[in-house]
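K.L.:
Make a model of this:
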Amino acid sequence: MSVKIRLQRHGKKGKPFYWIVAADARAKRDGRFLEKLGTYNPNTNPATINLDVDGAVKWLQNGAQPTDTAKTILSYKGAMLKNHLVGGVRKGALTEEQAEEKFQAWLEEKAGKVATKEEKVAKAKSEAKTKALEAEKAVNEARVAAAVEEAAPEVVEEVVAEEAAPEVAPEVAEEAAPEFVEEVVAEEAAPEVVEEVVAEEAAPEVVEEVAPEVTEEKKEESAE
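P.N.:
Here you go, the predicted structure:
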């Protein structure tokens with residue numbers, strides 16, 4: 001019986017989640033399997049992989065053939081390297097201690113690369129968030145500027161009306177001036193009119209006082 005190490009799909013539509021399994025090559029992709037070796041979640045960045053390295057190496061040593069995708073995952077987690085080292089130990093090219101030392105050195109180097117990638121991803125997310133905030137701020141400022149421009153004509157009309165008010169006032173004053181002037185003239189002319197009226201009323205008495213004296217004088221002249 002030939003065995004394949006492959007991915008078995010699970011998860012929801014649009015968000016796949018895979019099991020890494022060792023299964024009979026004749027079985028359906030998502031059918032029965034011989035052993036579950038780990039999981040693979042491509043929905044995260046970087047992808048999340050959990051793998052039983054020793055279990056995968058055991059199947060590889062027994063002749064299991066990984067699919068292309070499964071082989072990439074096994075290489076990423078070091079299963080293919082460890083399988084190679086185990087083969088070297090079997091041939092006597094390496095001791096188990098040497099093989100384990102090399103494998104641990106590779107794991108440390110790989111961890112450093114993964115950490116660097118995670119930092120880059122986090123930095124990229126932070127920069128993207130900053131740019132998004134700046135873009136949102138620019139949009140808000142543009143909206144405020146547009147609102148101010150729309151409101152500007154009304155404000156200008158109010159200001160123009162306020163500035164034009166003093167100019168209208170003199171015109172009103174000019175229209176009201178004649179009546180005011182007539183009242184003032186009437187008040188100024190009133191004393192003279194009163195004096196004339198008084199003089200007219202007093203005239204008969206003056207005539208009466210002057211007239212008798214004049215008559216007596218004429219009589220004396222005629223007598224002489």
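
K.L.:
In stretch 58-73, which residues are buried?
P.N.:
Of the residues in stretch 58-73, K58, W59, L60, A64, P66, A70, K71, I73 count as buried by neighbour count, 16 or more other C-beta atoms under 10 Å. In this view, the C-beta of every residue, glycine as well, is placed from N, C-alpha and C.

K.L.:
need those residues in JSON lines with pLDDT and secondary structure, can you?
P.N.:
JSON lines is the format used below for the buried residues of stretch 58-73 (pLDDT from 0 to 100; DSSP: H, G, I helix; E, B strand; the rest coil):
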{"residue": "K58", "pLDDT": "94", "secondary structure": "helix"}
{"residue": "W59", "pLDDT": "95", "secondary structure": "helix"}
{"residue": "L60", "pLDDT": "94", "secondary structure": "helix"}
{"residue": "A64", "pLDDT": "93", "secondary structure": "coil"}
{"residue": "P66", "pLDDT": "94", "secondary structure": "strand"}
{"residue": "A70", "pLDDT": "95", "secondary structure": "helix"}
{"residue": "K71", "pLDDT": "95", "secondary structure": "helix"}
{"residue": "I73", "pLDDT": "95", "secondary structure": "helix"}
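
K.L.:
which among these gets closest to K91?
P.N.:
L60 (15.6 Å; C-beta to C-beta).

K.L.:
Let me know whether that closest one touches A79 as I believe.
P.N.:
Yes - the criterion here is C-beta atoms under 8 Å, and L60 meets it with A79 at 7.1 Å.

K.L.:
Can you verify S75 is assigned to a helix?
P.N.:
Yes - assessed with DSSP: H, G, I helix; E, B strand; the rest coil, S75 lies in a helix.

K.L.:
how close does the spatially closest residue to it that is not a sequence neighbour get to V148?
P.N.:
Leaving aside its sequence neighbours, S75 sits nearest to L81 (C-beta to C-beta, 6 or more residues apart in numbering; 7.5 Å). L81 sits 66 Å away from V148, going by C-beta to C-beta, to the nearest Å.

K.L.:
Looking at those two, which is more packed in?
P.N.:
Counting neighbours by other C-beta atoms under 10 Å for L81 and for V148 shows that L81 has the greater number, 19 against 10.

K.L.:
pLDDT at that one, what is it?
P.N.:
pLDDT, L81: 94.

K.L.:
Equivalent analysis for D30, please.
P.N.:
At D30 the predicted local confidence, pLDDT, stands at 82.

K.L.:
Who are the contact partners of it?
P.N.:
Neighbouring residues of D30 by C-beta atoms under 8 Å, 6 or more residues apart in numbering: Q8, R9.
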